[in-house]
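Asker: Predicted structure and sequence below. I'll ask about it afterward.
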Amino acid sequence: MWELVKAGGWPMVPLLLLGVAALAIILERLWTLRRAEVMPPRLGEEVRNWAARGPLDPAHIESLRRNSPLGELLAAALDVRHRPREVIRERLEDTGRHLVFRMERYLSALGTIASAGPLLGLLGTVIGMIQMFLGILDHGLGDVNQLAGGIGKALVCTATGMIVAVPSLVFHRFFRSRIAGYVIEMEAQATALLDALDARAAAPGAVPAARPAPARPAATTRS
């Protein structure tokens, strides 16, 4: 193995570093994007029941915000529960954009590794071929078997670049697909919470939101 690394030359060093970085990102995202971590089971139903029962404790809302990305989204809706539905939707959209950005953390780096790996491997192979042909130019063709071995060693970089790029590309697409699925499910949970809040506001005995008193007409002076 070490002989192959040496045969690839200096381009093998950044390729190996890219491989280590890709492996670290993949493991970190696999752990962070677990379903139980992003969307705890039955959390949406519990929040809807809690919102329909009665007064909402601010401390409980803050605890919900720290629970998970889904909890943070639902807490954002509860923060402005007394506002019109359009305002709540705007808050949900703003919070959702921040959540998606955090869930996609490091994915752009993983995509860059998937794109740069084959190019860097090809660069190492081209450099190796150039060195080999310069040697032939200076010392002649020599042994054909030795020439074939030199070509094989030069292709080590290309193979290494593919080994780094293929898993990086596969997991990059996998994580993007998983995040898109989470976003759809979180939107459904948020919509269900909005419906529960509307039903609570429309229930008999619900306290309507305070409205501003109408302005009194200005007194007119008699002539």
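Answerer: Structure's in. What do you need? Bear in mind that the values here come from a model prediction, so they are computed numbers and not experimental data. Numbering: from 1, shown residues only.
Asker: Which strands or helices does whatever helix or strand Leu122 lives in pack on?
Answerer: Using DSSP states H and E, Leu122 sits within helix 107-139. The contact analysis (3 or more Cβ pairs under 8 Å, 6 or more residues apart in numbering; DSSP states H and E) places helix 107-139 against helix 2-8, helix 12-32, helix 144-154, helix 156-202. C-beta here means a position set from N, CA and C on the backbone, and glycine is covered the same way.
Asker: Name the residue closest to the centre of the protein, please.
Answerer: For the chain, the residue sitting closest to the mean C-alpha position, by Cα atoms, centre = their mean, is Glu104 at 1.5 Å.
Asker: hmm, back to that, so for the helix holding Leu122, what gets flagged as buried?
Answerer: For helix 107-139, the neighbour count (16 or more other Cβ atoms under 10 Å) marks 107, 110-111, 113-114, 116-118, 120-125, 127-128, 132 as buried.
Asker: Got phi/psi on the residue nearest to the centre of the chain?
Answerer: Glu104 adopts backbone torsions of phi -90, psi 10, taken as degrees, to the nearest 10.
Asker: list the contacts for it?
Answerer: By Cβ atoms under 8 Å, 6 or more residues apart in numbering, the residues touching Glu104 are 175-176, 179.
Asker: Taking those, please make a ChimeraX selection of just the buried ones.
Answerer: Remark: buried members of these, expressed as a ChimeraX selection using 16+ other Cβ under 10 Å:
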select :175,179
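Asker: what would the contacts of Glu104 look like in CSV with distance to Arg42?
Answerer: Listed next are these as CSV, based on distance: Cβ to Cβ, whole Å:
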residue, distance to Arg42
Phe175, 25
Arg176, 27
Ile179, 21
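Asker: Tell me the one of the contacts of Glu104 nearest His82?
Answerer: Distance to His82, by Cβ to Cβ, is smallest for Ile179 among these, at 31.3 Å.
Asker: Would you confirm that the closest one contacts Val100?
Answerer: Yes: judged on Cβ atoms under 8 Å, Ile179 makes contact with Val100 at a distance of 6.7 Å.
Asker: do you know how far Ala36 is from Phe171?
Answerer: Distance, Ala36 to Phe171, by Cβ to Cβ, to the nearest Å: 20 Å.
Asker: Report the separation between Gly96 and Gly128.
Answerer: Gly96 is 49 Å from Gly128, by Cβ to Cβ.
Asker: what about Glu93, distance to Phe171?
Answerer: Taken as Cβ to Cβ, the span from Glu93 to Phe171 is 28 Å.
Asker: Val183 too?
Answerer: 18 Å.
Asker: do Ile61 as well
Answerer: From Ile61 across to Phe171, the span is 35 Å (Cβ to Cβ).
Asker: now Leu18
Answerer: Where Phe171 is concerned, Leu18 sits at a distance of 14 Å (Cβ to Cβ).
Asker: Show me where this protein dips below the pLDDT cut-off.
Answerer: Judged against pLDDT under 70, the low-scoring parts of the chain cover residues 1-8, 54, 135-150, 152-153, 201-223.
Asker: residues touching the closest residue to Tyr106 other than its chain neighbours, list them.
Answerer: Nearest residue to Tyr106, sequence neighbours excluded (Cβ to Cβ, 6 or more residues apart in numbering): Ile25, at 4.7 Å. Listed by Cβ under 8 Å, 6+ apart, the contact partners of Ile25 are 106-107, 109-110, 113.
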